[in-house]
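K.L.:
take a look and give me a structure for this.
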Amino acid sequence: MKDRKWIALSAVALAVLVMMNLPDATSQRVKGAVRDGISPLQAALRGGVREMQDIFRYMRGWRDLALENRALTEEIVYLRGEMRMARDLERNNQMLRELLGFVRRSPNRLVSCEVIGRDSTGWWQTIRLDQGAHSGVMDERAVITADGLVGRTVAVSARTADALLLSDPTCKVAVRLSRSGVFGVMSGVGAKPGEQPVARIDFLLKDADVQEGDEIVTSGLGGLFPKGLLVGHVRNVEPDEAGLYQTAWLNSAADLGRLEYAFVVATEQDLEQAVMEDSSVDMGLVDGRAAEGETP
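P.N.:
Here you go, the predicted structure:
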């Protein structure tokens, strides 16, 4: 093997010596032939290098494009969030404007409340308001919105109040049909979300003038609900099996499933009592501090 290597090296050295001692014309022809022989290899290598460069540029461009797409996606998500917030602010602003106009037009003294909770055992039956006795909210007071009657207060603490909705079977309201003047007592039917109607009027005489679409308002009888509050509209009328009476099924004017704000109808005595209670609490704090030797 060593002899073969020496022979090969000697042949290469001899070839180099021969080429170095060739005449210029012969040397140029040999060099040209060598260049022509290796040019395909050079072209292939150059093409491969260009392809690799193109691949690297493509990969770099793809990476930059992916980064740009990610940035654009994040910006789109952010802008969509901003748009949702803007729409919510616009909706709340419009709602508050309408509520303010309603308060100014109302002949009753109203306590503005925000709905802060619902009874988990009956989504449509009870709501919790963020105002209580300290604001003039008392038990057994009408709860309304700009759309109509919602229910009545049933449990009031110092700073919160629970309201029983019209849909609760225990909620009874003395009502009157605006068109015909027919009186009746409306009660809830315990409707769940998506179910209609939410209340009904039983034991209407068979010849009572009740029609689909009739407007229902509070009659004022009993003194609990002020007279003339919109309650809802008749959805349909059904006779009983004996044919002596008929039942009117009602849709409430207010959307009981989407309540955000409500008003409690208060009397002058309610508000005066709330002011007196606040004053007595303040006096109690002052007296207590004075008893301890503190400066009021």
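
K.L.:
the residue lying closest to Ser219 once chain neighbours are set aside: neighbouring residues, count only.
P.N.:
Nearest non-adjacent residue to Ser219, counting by CB to CB, 6 or more residues apart in numbering: Arg176, 4.1 Å away. Any C-beta I mention is one placed from the backbone N, CA and C, and that applies to glycine too. Neighbour count of Arg176, defined by other CB atoms under 10 Å: 20.

K.L.:
touching the host helix or strand of Arg176 from outside, list them.
P.N.:
Here Arg176 is covered by strand 172-177, with elements defined by DSSP states H and E. The contact list for strand 172-177 (CB atoms under 8 Å, 6 or more residues apart in numbering) reads 149, 166, 182-187, 199, 201, 209-210, 214-222, 224-225, 231, 234.

K.L.:
show me which of those are buried.
P.N.:
149, 166, 182, 184, 186-187, 199, 201, 210, 214, 216-219, 225, 231, 234 (16 or more other CB atoms under 10 Å).

K.L.:
now for the helix or strand just after the strand holding Arg176, which elements pack on it?
P.N.:
The helix or strand immediately downstream of strand 172-177 is strand 183-188, counting by DSSP H and E. With contacts taken as 3 or more CB pairs under 8 Å, 6 or more residues apart in numbering; DSSP states H and E, strand 183-188 sits against strand 172-177, strand 199-205.

K.L.:
Serialize those to a markdown table and add fields for distance to Arg128 and mean pLDDT.
P.N.:
Shown next, in a markdown table, are these (distance: least, CB to CB, whole Å; pLDDT from 0 to 100):
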| stretch | distance to Arg128 | mean pLDDT |
| --- | --- | --- |
| strand 172-177 | 21 | 95 |
| strand 199-205 | 21 | 92 |
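
K.L.:
send me the strand holding Arg176 as PDB with only the CA atoms.
P.N.:
Output of strand 172-177 as PDB, limited to C-alpha atoms (Å, rounded to 0.1, in the frame of the first residue of the first chain):
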ATOM      1  CA  LYS A 172     -99.700  38.400  43.600                       C
ATOM      2  CA  VAL A 173    -100.600  41.700  41.900                       C
ATOM      3  CA  ALA A 174    -104.000  43.300  41.600                       C
ATOM      4  CA  VAL A 175    -104.200  44.400  37.900                       C
ATOM      5  CA  ARG A 176    -106.600  45.900  35.400                       C
ATOM      6  CA  LEU A 177    -106.900  45.600  31.600                       C
END
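
K.L.:
got the angle for it vs strand 183-188?
P.N.:
On the basis of axes from the mean of the first three to the mean of the last three CA atoms, to 10 degrees, strand 172-177 is oriented at 130 degrees to strand 183-188.
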